[in-house]
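quick check, what structure comes out for this input:
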Amino acid sequence: MSNYFEILCAVAALLLAVYYYATSSFDFWKNCGVVGPRPLPYFGNMKDILFARKSITVYVKEIYDAYKNESMIGLYSRTTPLLVIREPELIKDVLIRDFSHFSDRGFIINEKVEPLSPHLFFLEAERWRPLRNRLSPIFTSGKLREMFYFIVECSHHLEKYLDKKVGREEVIECRELAAKFTTDVIGTCAFGIEMSALADEESEFRKMGRAVFAVNLRNITQTKFRVFIPTLYNLLQLLPCQKYVPFFAKVVSETIKYRRENNIVRPDFINMLMELQKHPEKLQNIELSDTLLTAQAFVFFVAGFETSSLTITNTLYELAQNQDIQDKLREEIEEHCAKNDGELKYDDIKGMKYLDKAFKETLRMYPAGSIVTRRAQSNYTFNGTEVSIPKGTIIWIPVQGIHYDPDIYPNPQKFDPERFNEDAVAARNPMHYLPFGDGPRNCIGARFAAYQTKVGLITILRNYKIDVCDKTMIPYEIDPGSFIPSPKSGIYLKMTKIPRECKIIS
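Residues are numbered from 1 along each chain as shown. So this is what the prediction gives:
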């Protein structure tokens with residue numbers, strides 16, 4: 001009998017130890033004077049996110065709204081303190097003024113688990129900074145002007161594809177349509193390769209793009225573990241690599257080899273990577289391995305096609321429900337088509353002010369990142385407060401909450417491009433619009449994304465009227481398992497052909 005009692009005591013002691021471990025940090029924010037929701041043992045405040053019951057997009061807006069009178073909100077990522085910042089001046093401190101203290105995004109990198117993870121988006125500050133400096137020139141206005149011809153070529157393919165597709169069926173799944181277009185654009189602008197996602201239903205590049213963002217058990221597990229359970233994430237190296245890893249490694253190595261052997265130079269991303277290989281001394285003693293090189297091309301591919309395709313899709317979704325805005329936008333397109341003998345050129349896209357407003361309003365309602373993350377590189381005390389955080393603390397900037405704050409954007413559920421007229425923009429704090437982040441570590445490809453998205457929208461809207469249909473998802477629901485905020489199901493819209501006379505040229 002005594003043996004059973006001893007066993008029970010041992011089990012009780014173990015449970016108490018586990019409970020203590022799971023809750024020992026839960027007074028941290030209280031001691032700092034920062035309020036927040038009550039955490040659960042072991043899960044902290046992340047239970048619904050960990051089990052994919054709720055997306056971070058939905059959760060961060062709920063937290064933002066629940067603590068609307070607070071400048072900071074204290075959360076726990078399981079047992080680890082995590083800070084949400086609402087106050088725009090504190091956000092500016094983190095992203096811009098005190099960037100040197102917050103130059104890291106806070107992502108865990110394990111190249112054995114995910115060989116292509118050491119890319120520009122995830123990289124720690126030491127490797128990120130020199131790579132960013134050397135890759136930034138590919139996104140200058142001059143380079144984009146050179147790439148514009150390639151984007152235009154892909155828009156012609158999109159136009160032909162739509163003519164055939166709409167000829168067979170009026171209802172189109174727009175997310176897949178847009179993803180095929182942006183896959184082709186990224187293929188030619190980054191790799192100098194015809195990816196044929198529009199022309200070939202069996203395009204390998206499109207298959208790989210789907211695989212990267214597929215909402216399946218493996219992808220969900222790796223994403224959740226990488227962010228919330230890094231110890232188990234490191235154990236995932238027991239799993240085989242995703243099939244797209246060797247695919248992209250082969251594409252990059254063969255493309256570089258072919259260009260060198262044939263002395264081919266193109267104004268694209270691969271060419272920039274080749275220049276880095278020629279001059280490794282410019283990377284400040286960072287070893288530019290084949291894997292690190294491939295990772296940069298990989299992230300440009302996946303981020304470039306997915307975020308822009310979602311923006312095209314979401315713009316069409318809103319225009320289908322707001323015919324007056326769609327008509328006004330099409331009128332602007334017609335106006336520019338009438339110039340230059342019916343030709344639309346690179347500079348004309350900059351002149352399409354209403355299109356730019358609609359593009360920005362879509363990114364307000366559907367930002368590609370619902371949060372901006374940073375990790376403190378040193379102990380830090382926030383200006384004007386007594387709140388101090390230790391080195392390593394993760395910061396969340398709640399983009400989704402800010403973009404839907406009715407005190408900043410009245411009637412935030414309404415699609416209204418006029419929120420981005422000059423007077424309205426000037427009246428808002430710049431930290432209240434963060435679709436691409438801000439500061440030195442903002443999105444490097446923001447300008448490129450804007451151009452390919454706008455060309456895609458122009459191509460579709462000048463040829464087709466967009467309407468909702470019985471299959472259109474209303475209201476819009478976000479898939480809780482997706483890494484980038486994505487619709488839970490496809491976005492189906494009705495497209496009706498309209499006469500077009502003008503064409504796009506470079």
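
ranges for the helices of the stretch 401-506 of the chain?
Taking DSSP state H, counting those that start in this stretch, the helices of the stretch 401-506 of the chain run over residues 422-427, 446-461.

reformat these as CSV; add distance to residue 469, mean neighbour count and mean pLDDT.
Using the backbone N, CA and C atoms, a C-beta is placed for each residue, glycine as well. Below are those laid out as CSV (distance: least, C-beta to C-beta, whole Å; neighbours: other C-beta atoms under 10 Å; pLDDT from 0 to 100):
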stretch, distance to residue 469, mean neighbour count, mean pLDDT
helix 422-427, 33, 9, 96
helix 446-461, 16, 23, 95
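
remind me, longest helix of the protein?
Among the segments of the chain that qualify as a helix by DSSP state H, the longest is helix 290-321.

buried ones in that helix?
291-321 (16 or more other C-beta atoms under 10 Å).

list the buried residues of stretch 210-230.
Under the neighbour-count criterion of 16+ other C-beta under 10 Å, stretch 210-230 has 212-213, 219-229 buried.

hang on, I meant stretch 80-95
Neighbour counts over stretch 80-95 (16+ other C-beta under 10 Å) mark 80-88, 90-95 as buried.

show me the contacts for residue 188.
By C-beta atoms under 8 Å, 6 or more residues apart in numbering, the contact set of residue 188 is 150, 153, 154, 194, 195, 268.

now do residue 404
Counted by C-beta under 8 Å, 6+ apart, residue 404 has contacts 61, 365, 412, 413.

which of those residues lies closest to residue 453?
residue 365 (14.4 Å; C-beta to C-beta).

give the contact list for the closest one.
Neighbour list for residue 365: 314, 318, 403, 404, 412, 415 [criterion: C-beta under 8 Å, 6+ apart].

just give me the closest of the residues you listed to residue 435.
Set against residue 435, the nearest of the contacts of residue 365 by C-beta to C-beta is residue 403 (7.9 Å).

pLDDT score for the closest one?
For residue 403, the pLDDT comes out at 98.

so it versus residue 426, what's the distance?
Between residue 403 and residue 426 the computed distance is 18 Å (C-beta to C-beta, to the nearest Å).

hmm, back to that, and the longest helix of the chain with helix 446-461, angle?
Helix 290-321 and helix 446-461 are oriented at 40 degrees to each other (axes from the mean of the first three to the mean of the last three C-alpha atoms, to 10 degrees).

I'd like the next helix or strand past helix 290-321.
helix 323-337 (DSSP states H and E).

give me the contacts around that next one.
By C-beta under 8 Å, 6+ apart, the surrounding residues in contact with helix 323-337 are 318-320, 344, 348, 351-355, 358, 415, 417, 458, 461-462, 465-467, 501-502.

who's in contact with stretch 487-499?
Counting by C-beta under 8 Å, 6+ apart, 162-163, 166, 170-176, 313-314, 316-317, 320, 460, 463-469, 471-473, 476-479 sit against stretch 487-499.

tell me the helix or strand right after the host helix or strand of residue 133.
Using DSSP H and E, the element containing residue 133 is helix 125-135. Counting by DSSP H and E, the next helix or strand C-terminal to helix 125-135 is helix 141-168.

now stretch 85-102: mean pLDDT?
For stretch 85-102, mean pLDDT is 97.

can you give me the end-to-end span of it?
Terminal residues of stretch 85-102 are spaced 13 Å apart (C-alpha to C-alpha, to the nearest Å).

sec struct for the residue nearest the centre of the chain, please.
Closest residue to the average C-alpha location of the chain: residue 368 at 4.0 Å, with C-alpha atoms, centre = their mean. In three-state terms, and counting by DSSP: H, G, I helix; E, B strand; the rest coil, residue 368 is coil.

so it sits right up against residue 435, yeah?
Yes - taking contacts as C-beta atoms under 8 Å, residue 368 lies within contact range of residue 435: 6.7 Å.

any low-confidence regions in this protein?
Applying pLDDT under 70 to the chain flags the ranges 1-24, 236-242, 282, 285, 342, 500-506.

which residue ranges form the strands in it?
72-77, 80-85, 171-173, 343-344, 372-375, 380-381, 388-389, 394-397, 464-467, 492-497, 503-504 (DSSP state E).

turn those strands into CSV, columns for distance to residue 244.
Shown next, in CSV, are these (distance: least, C-beta to C-beta, whole Å):
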stretch, distance to residue 244
strand 72-77, 28
strand 80-85, 31
strand 171-173, 22
strand 343-344, 35
strand 372-375, 24
strand 380-381, 38
strand 388-389, 37
strand 394-397, 28
strand 464-467, 32
strand 492-497, 27
strand 503-504, 31
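
ok so, going back, can I get the helices of the stretch 401-506 of the chain in JSON lines with distance to residue 52?
What follows is these, written out as JSON lines (distance: least, C-beta to C-beta, whole Å):
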{"stretch": "helix 422-427", "distance to residue 52": "36"}
{"stretch": "helix 446-461", "distance to residue 52": "27"}
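
for residue 394, find the nearest of those.
Ranking the helices of the stretch 401-506 of the chain by proximity to residue 394 (C-beta to C-beta) places helix 446-461 first, at 23.6 Å.

pull the residues that contact that closest one.
139, 141, 144, 147-148, 151-152, 155, 158-159, 162, 178, 181-182, 185-186, 189, 304, 307-308, 311-312, 315-316, 319, 326, 329-330, 333, 344, 349, 352, 355-356, 359, 436, 443, 466, 495, 504.

what's the PyMOL syntax to select whichever of these are buried?
Only the buried entries of the contacts of helix 446-461 go into this PyMOL selection, using 16+ other C-beta under 10 Å:
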select buried, resi 139+144+147+148+151+152+155+158+159+162+178+181+182+185+186+189+304+307+308+311+312+315+316+319+326+329+330+333+344+349+352+355+356+359+436+443+466+495+504
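
buried ones among the contacts of residue 404?
So, of the contacts of residue 404, 61, 365, 412 end up buried under the neighbour-count rule (16+ other C-beta under 10 Å).

which residues sit in contact with the first one?
The reference is to residue 61. Going by C-beta under 8 Å, 6+ apart, residue 61 touches 370, 398, 400, 401, 404.

go on, the last one?
For residue 412, the contacting residues are 365, 403, 404, 405, 406, by C-beta under 8 Å, 6+ apart.

nearest to residue 25 among the contacts of residue 61?
Using C-beta to C-beta, residue 398 comes nearest to residue 25 of the contacts of residue 61, at 21.8 Å.

for the closest one, give its distance to residue 431.
11 Å.

more crowded one of the two?
Using other C-beta atoms under 10 Å, the more surrounded residue of residue 398 and residue 431 is residue 398, with 28 against 20.

next, the more buried one: phi, psi?
Backbone geometry at residue 398, expressed as degrees, to the nearest 10, gives phi -80, psi 80.

that one contacts residue 88, doesn't it?
No - Residue 398 is beyond contact range of residue 88, at 11.7 Å (criterion: C-beta under 8 Å).

residue 475: neighbour count?
Counted with other C-beta under 10 Å, residue 475 comes out at 5.

quick one: contacts for residue 443?
Applying C-beta under 8 Å, 6+ apart, the residues near residue 443 are 436, 437, 449.

surely residue 290 and residue 253 touch.
Yes - between residue 290 and residue 253 there is a contact under C-beta under 8 Å: 6.6 Å.

just checking, residue 295 touches residue 121?
No - using C-beta under 8 Å as the test, residue 295 is too far from residue 121 to be in contact (9.7 Å).

returning to what we had before: any chance of the contacts of residue 61 in JSON lines, plus distance to residue 125?
Below are the contacts of residue 61 laid out as JSON lines (distance: C-beta to C-beta, whole Å):
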{"residue": "370", "distance to residue 125": "23"}
{"residue": "398", "distance to residue 125": "23"}
{"residue": "400", "distance to residue 125": "26"}
{"residue": "401", "distance to residue 125": "26"}
{"residue": "404", "distance to residue 125": "31"}
